[in-house]
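Undergrad: what's the 3D shape of this:
(chains A and B)
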Amino acid sequence: MNRLRWFLWGAVAVASALFALFAYQLSQPKQEFVQSAMVGKPMPAFSLPPASSSRPGLSAADLADGTPRLLNVWGSWCVPCAAEAPQLDALERSGANIVAIAIRDRPENVDRFLEVYGNPFTRIGRDDISEVQLSLGSSGVPETFVIDGTGRITYQHIGDIRPEQVPKILEELRKAGA
Amino acid sequence: MRALLLFLAALLAAPLAAQDGMPPAPYAYRQLDDPAQEAQAAELMATLRCLKCQSQSIADSDAPMAGDMRHQVRTRIAAGEEPEAIRAWLIERYGDYVSYTPRMTAATWPLFAIPLVLVVFGGIIIAKRMRRRT
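TA: A predicted model of the protein is given here:
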């Protein structure tokens, strides 16, 4: 009889522990974004034609020339990308070298966007079928990667860069050797 | 009446503006010519997560990015790549989350082990009771 009672209390304890675990997990904020597993790894090989009439295209070799850079994955059709434009300008004024990949975009639309929101980019590659975006482990626009001088990805920022996040991005760029 | 029409037109326009204007990737909606290869691709696509609409597989989603992922899967299969190699390529980039097929890893092995333990445990209890009765 005594043994049965201990067994029942044990079952209650196990069930309570499970419910406590569920309650804890349900109260945690949902991870909405898929982090890239490529952070810390070298940039995959790629070569993209220019996406605008004013800047050259982008290849993996351009990212391994000794200069740490920001790589902005973006699209002229993407609204948060327009919201992020002043922050990219601020980053450029602070000395960041920023290159971009335009996802599923037409050159005339890219040119119009850059005219309206400014052009902080030194190079813009054109990725019509999200091929390079997929090989980067990026799951949306906008996203910003920090690439060190050897072409290794050191940091990923998901979503538009808010004004208060600019210092963090600059710090990550400094850590990458800028 | 005019205001209502304008309102309805605005309802139509907003979702359009949210999408890019590019045509889908060549193999986003086109099946491979070889039925055997297409079957392989379809099976794989049903078990890969759409990253934009995370509760759907890329086979179920009309998001442009899901179309681009289907294009990747189909062209890679047409080029002779094994479906599991393509899955591994995506997991290398997005982590296990991109695949709907469970894998046994350092973090997931208890999910596979616990049912076995419970079956063995239950078997022991039943065996003990049977013996007591006889």
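
Undergrad: show me what contacts the closest residue to residue B:100 other than its chain neighbours?
TA: Once flanking residues are discounted, residue B:100 sits nearest to residue B:47: 4.6 Å by C-beta to C-beta, 6 or more residues apart in numbering or on different chains. The C-beta positions use only the backbone N, C-alpha and C, and glycine is treated the same way. Contact partners of residue B:47, counting by C-beta atoms under 8 Å, 6 or more residues apart in numbering or on different chains, are B:57, B:87, B:99-101.

Undergrad: per-residue confidence at residue B:47?
TA: In this model, residue B:47 is scored at 95, pLDDT.

Undergrad: ranges for the strands of chain A?
TA: A:47-48, A:58-59, A:69-74, A:98-103, A:121-127, A:143-147, A:153-158 (DSSP state E).

Undergrad: on that earlier part again, quick check: the farthest pair among the contacts of residue B:47?
TA: B:57 and B:87 (12.4 Å; C-beta to C-beta).

Undergrad: overlap in contacts, the two.
TA: B:47-48.

Undergrad: coming back round to it: out of the strands of chain A, which is the most enclosed?
TA: Scoring these by mean neighbour count under mean count of other C-beta atoms under 10 Å in any protein chain shown gives strand A:98-103 as the most buried, with a mean of 27.

Undergrad: and that one with chain B, contact?
TA: Yes - using C-beta under 8 Å from any C-beta of the partner chain, strand A:98-103 reaches chain B at residue A:103.

Undergrad: any bit of the longest helix anywhere in chain B sitting next to chain A?
TA: Looking across chain B with DSSP state H, the single longest helix is helix B:109-133. No - on the criterion C-beta under 8 Å from any C-beta, helix B:109-133 is out of touch with chain A, staying 10.3 Å away.

Undergrad: chain center to that helix: distance?
TA: Using C-alpha atoms, centre = their mean, to the nearest Å, the mean C-alpha position of helix B:109-133 is found 34 Å from that of the whole chain.

Undergrad: how much space between the spatially most central residue of chain A and chain B?
TA: Per C-alpha atoms, centre = their mean, the C-alpha nearest to the average position across chain A is that of residue A:143, at 3.2 Å. Remark: distance between residue A:143 and chain B (C-beta to the nearest C-beta, to the nearest Å) = 11 Å.

Undergrad: wait, doesn't that residue sit right on residue A:153?
TA: No - in this structure residue A:143 lies outside contact range of residue A:153 using C-beta atoms under 8 Å: 11.2 Å.
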